[in-house]
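> For reference, the sequence and a predicted model appear below.
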Amino acid sequence: MKICVVGSGYVGLVTGACLADFGMTVTGVDKDAAKIAALERGEIPIYEPGLEEIVAKNVRAGRLRFSTDLAPAIREARAVFIAVGTPPLPDGRADLSFVRQVAEAIGDNLNDYKVVITKSTVPVGTGQMVEKVIRERSGGGQEFAVVSNPEFLREGSAIEDFMRPDRVVIGARTQRAIDVMVDIYAPLQAAGVPFVTANVESSEMIKYASNGFLATKISFINEVAELCEAVGADVEVVARGMGLDERIGPRFLQPGPGFGGSCFPKDTRAVAQIAEEHGLRFEIIDAVLSANTRVQRRMVPKIAAALGGLEGRTLAMLGLAFKGETDDMRESPTIPIIEGLVAGGATVRAFDPAATEQARPLLPASVAYFDDAYEAARGADAVIIATEWNQFRALELDRLRRLLARPLLIDLRNLYAPDRVAAAGLRYVSVGRPEAAPAGVTA
Ligand SMILES: NC(=O)c1ccc[n+]([C@@H]2O[C@H](COP(=O)([O-])OP(=O)(O)OC[C@H]3O[C@@H](n4cnc5c(N)ncnc54)[C@H](O)[C@@H]3O)[C@@H](O)[C@H]2O)c1
């Protein structure tokens, strides 16, 4: 089957490459000419483990190509995936202008029956809008279907998530459209992945309700962590004790500096906004949003307290991206944290394995960037782990201690067992756990 995927960002590129790997013939389209030129040269414009290999393999096999030319890609396709951005507007609503532009182009090029699939995260009612735009632009003579097929992949493990999802959600009005979707995802069905079929509105709602719930879980454990610090409990043990309850489950109970990224902040704000537009209040989501801002903000005084003040301190910041194994800086909690540290008079020396270039324009100009963790740590008053990159789980603690002016590791991701850090001669401050210090070391 010929497929057109519009938008070659994190979601579109992964979707296109994986569908080509399923045997489909895919054209990935983007309006960003530089991005398409890079892809045509075999360069992947984003950092995503495994993506380069799967793109190269399918380009070589002749099943995947890239273009800026949307019209012919639409005309030859049976299925058109819309995977463009839906960034937040100032009031929190999702900006649907890119989705609308694509719908207009589809309407202008509707030469035979097509299934138009919304992969972008879009508010309830967008499917109807897309349908209306296509009908108006095409003149109404040609049959087509609009399907909602939200994406649940996580950056950093996007290929694995696409290839082995917990479920595939298909929101459609007709059996003919569902049949096309089942053909596209046949390898997943064969692998036993559950398919949830729904109407378009329920499918759109599944995505927002899922992200809203996951954000709630994160904010919940972050507030538990704060409480643990106040009462002398250990949040890691508490989370394990909670997570073994099957009704709760262990995932998304990792405390940290607050959630960020391109999805949770935007999607929680959007679902709150959707509720408001319908005369309702999603009170839990409102609380999640304010709790997350507070959790991010509390990291600055927490760091200051560990150091006995920020003025004149030099801090090595490990990790800038909003999570590990990605270069995505969108709404990264490291942005307000570094701003707060710099405003407090600290000097920041930063290292991120992939996000430095994306981070530069978003962070204060005084931040200095280094090519590895140990260079960043040289002469600093503390190392702060801000992102859970796998490589930060295996730092040479002895080496860090020797490089630091003061032996202090502040871990906002709880990557280490406190005793191990203390045994390496470093004072260890983490989230929701009692501080650990080697004998004789003080702030
Ligand atoms: N990133 C994630 O982890 C993730 C996960 C699930 C769902 N989503 C959703 O998927 C959607 C895309 O997210 P993303 O992270 O891939 O965004 P992105 O910004 O990485 O990519 C979007 C791409 O769409 C292109 N584009 C915009 N308008 C276009 C047009 N009219 N024609 C052609 N190309 C156009 C942009 O140039 C860009 O390359 C969003 O709605 C997001 O909420 C993202």
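Now that the structure is in, tell me what you want to look at.
> hey, let's count contacts and neighbours off CA atoms from now on
Fine.
> for this structure, what are the low-confidence residue spans?
Applying pLDDT under 70 to the chain flags residues 441-443.
> what does it put close to the ligand?
6-12, 29-32, 83-86, 98, 101-102, 120-121, 151-155, 262-263 (C-alpha under 6 Å from any ligand atom).
> What subset of those is buried?
By neighbour count, with 16 or more other C-alpha atoms under 10 Å, the residues of the chain next to the ligand hold 6-12, 29-30, 83-86, 98, 102, 120-121, 151-153, 155, 262-263 as buried.
> Residue 348 sits in which helix or strand?
strand 347-351 (DSSP states H and E).
> does residue 316 belong to a helix or a strand, and which?
Here residue 316 sits within strand 314-318, counting by DSSP H and E.
> rewinding a little: tell me which other helices or strands the strand holding residue 348 touches.
Counting contacts by 3 or more C-alpha pairs under 8 Å, 6 or more residues apart in numbering; DSSP states H and E, strand 347-351 packs against strand 314-318, helix 334-343, strand 368-369, helix 373-377.
> most tightly surrounded among these?
Comparing those by mean neighbour count (mean count of other C-alpha atoms under 10 Å), strand 314-318 ranks first with a mean of 27.
> What pairs with it, parallel or antiparallel?
Using DSSP bridges, strand 314-318 pairs in its sheet with strand 347-351 (parallel), strand 382-385 (parallel).
> Determine how far the strand holding residue 348 lies from the middle of the whole chain.
For strand 347-351, the separation from the chain centroid amounts to 23 Å (computed by C-alpha atoms, centre = their mean, to the nearest Å).
> what's in contact with that strand?
Residues outside strand 347-351 that contact it (C-alpha atoms under 8 Å, 6 or more residues apart in numbering): 312-320, 338, 341-342, 366-373, 376-377.
> That one vs helix 334-343, what angle?
Calculated by axes from the mean of the first three to the mean of the last three C-alpha atoms, to 10 degrees, strand 347-351 forms an angle of 150 degrees with helix 334-343.
> Quick check: what element follows strand 347-351 along the chain?
Following strand 347-351 in sequence, per DSSP H and E, is helix 356-359.
> tell me which residues in that following helix are buried?
356, 359.
> neighbouring contacts of it?
320-321, 327-329, 369.
> Farthest pair within the residues you listed?
Farthest pair in those (C-alpha to C-alpha) is 328 and 369. Separation: 16.7 Å.
> Please name the spatially closest residue to the closest residue to the ligand within the stretch 201-350 of the chain (chain neighbours excluded).
Nearest to the ligand, among the residues of the stretch 201-350 of the chain, is residue 263, at 5.3 Å (C-alpha to the nearest ligand atom). Taking C-alpha to C-alpha, 6 or more residues apart in numbering as the measure, residue 263 lies nearest to residue 211, with 7.7 Å between them; neighbours along the chain are not counted.
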